[in-house]
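>>> no FASTA, just this:
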């Protein structure tokens, strides 16, 4: 299952790691996916509406 997580602060990545370890895919919905703080990460970042559409 693909899960959308809104926000990439402290809680979102912890939840994402747990769901990924359980076999789920996750995407992060953030205000600015092109922000440099998301550039070096291996997670998928997109706008919040796009993340909602990309999830189940």
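Okay, I see it. Remember, it's a predicted structure, so these values are computed and weren't measured experimentally.
>>> What's the first helix or strand after the biggest helix by length in the chain?
Secondary structure of the chain per DSSP state H: the longest helix is helix 11-21. Going down the chain from helix 11-21, the next helix or strand is strand 25-29, by DSSP states H and E.
>>> buried residues in the lowest-mean-pLDDT helix or strand in the chain?
Of the helices and strands making up the chain, the lowest-confidence element is helix 11-21, at a mean of 91, by mean pLDDT, DSSP states H and E. Buried residues in helix 11-21, counting neighbours by 16 or more other C-beta atoms under 10 Å, are found at 12, 13, 16, 19. Glycine gets a C-beta too; all of them are placed from N, C-alpha and C.
>>> packing partners for that helix?
strand 2-6, strand 25-29 (3 or more C-beta pairs under 8 Å, 6 or more residues apart in numbering; DSSP states H and E).
>>> how far does that helix sit from the chain's center?
9 Å (C-alpha atoms, centre = their mean, to the nearest Å).
>>> sorry, back to before: what lies in contact with the longest helix of the chain?
3, 5, 6, 26, 28, 43 (C-beta atoms under 8 Å, 6 or more residues apart in numbering).
>>> Correct me if wrong: the second one contacts residue 29.
Yes. Counting by C-beta atoms under 8 Å, residue 5 sits close enough to residue 29 to count as a contact (6.9 Å).
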